[in-house]
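> sequence and predicted structure below; questions after.
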Amino acid sequence: MSAARRIGFTVPSLFLLAGTIVLLFLLLLAGAYDRKPLNQIFFLQADTHDIPNAPNGICHWTLYNYCDSRNGKNYNCRPNDAAYPFLPQRNFRTETNIPRDFIHNPRRYFYLSRFLYAFYVIDLFLALLAFFAALLATCFRPVGYLAAAVAAFGLFCMSFSAAIMTACYVLGQKAFRHNRRFARVGVKAFAFTWTCVALFFLSALMLALGLISRRNQNRTHPSRTRYSGSASRMRGSRHAPVENGYTEKEYVNKDNERSSYERMDGSGTRVGGRGVSGDASSQRRLNTEYQLNGPPTVK
């Protein structure tokens, strides 16, 4: 595959993977700092005004803690705790006024939210690995196979992360709404996560197309035979290459073997023999016979 074609498929995948890395960093850092733009990213907001120890109003959940809400943004976030479980009775240390679904199915929310953080870290690692592999693939073609494989595996893991996130927080939204409380999933967190899935898919597709294009090019343009008919070769040279793999001398000998004694009738047309025109010695014999015996008698 030519360098231009290789770069043409690899460079777009680099931009796609770079976008994936940026979005994953935003998702993983949201809640750790209540500054722009991180304070705009959360996974669920819900009304917790009459729950003891909970924010008196809207509460935001992130991967590290829960926060108060001010103008729709994270505010006064609690101490950071990586892989913070989304489980209100554990977060607020009470079961008073907690929606019943959290009480009846605590393991569902606990493990889904904890695994989500772990898979986000795995997704970020795979995105970084695929990015650097694709960067090396612009110079070393075999590395393109590694980049495509890592991007494909990253797509699988990112899709799994998106499925876990959607299941966990959509179920939490339903649980709060079933208890007649306001609840809404975080638009930016959901949008960033599913955008990462799309970017992983497109980057893996671009890298795979680069590999397929290379294979098709190798099939379409096989290696050609390296001999060529030089205009300057000497006639009869034993080593001068000609078509079909014969030297000119061998080529003439092949014609001589196909030739035989030919005769000419009265009109000067050659007759007999297996060749078209015969070799030089046959022509001389025909001319001598014609001069001595005259034209053959046609019966």
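It's in. Numbers count the residues shown, from 1 in each chain.
> where does this protein have low pLDDT?
1-6, 213-280, 282-283, 286, 290-291, 294-299 (pLDDT under 70).
> mind listing what Met165 touches?
Phe43, Leu116, Ala189, Phe190, Thr193 (C-beta atoms under 8 Å, 6 or more residues apart in numbering). To be clear about C-beta, it is placed using only N, CA and C from the backbone, and glycine gets the same treatment.
> run the last query once more with 7 Å
By C-beta atoms under 7 Å, 6 or more residues apart in numbering, the contact list for Met165 reads Phe43, Leu116, Thr193.
> tell me the secondary structure for Thr288?
helix (DSSP: H, G, I helix; E, B strand; the rest coil).
> burial measure for it, as a count.
10 (other C-beta atoms under 10 Å).
> got it, and the one 4 residues further on?
Counted with other C-beta under 10 Å, the neighbours of Leu292 add up to 7.
> so that it lines up with my notes, have the first residue be 46 from now on.
Noted, 46 is the first residue going forward, which turns the last one into Leu337.
> picking that back up, of the contacts of Met210, which is the nearest to Cys184?
Minimum distance to Cys184 across these is 32.6 Å, recorded for Thr238 (C-beta to C-beta).
> now the element after the lengthiest helix in the chain, going C-ward?
Secondary structure of the chain read by DSSP state H shows that its longest helix is helix 188-223. Going down the chain from helix 188-223, the next helix or strand is strand 228-230, by DSSP states H and E.
> list of residues touching that following strand?
Phe88, Leu89, Gln90, Ala91, Asp92, Tyr214, Val215, Gln218, Phe221, Arg222.
> what separation do you get for the first one and His105?
If I follow you right, that is Phe88. According to C-beta to C-beta, to the nearest Å, Phe88 stands 8 Å off from His105.
> list the contacts for Ala253?
Neighbours of Ala253 in contact, by C-beta under 7 Å, 6+ apart: Ala193.
> list the buried residues of the host helix or strand of it.
If you go by DSSP H and E, Ala253 is part of helix 232-265. Buried residues in helix 232-265, counted by 16 or more other C-beta atoms under 10 Å: 233-235, 237-238, 241-242, 244-253, 255-256, 258-259.
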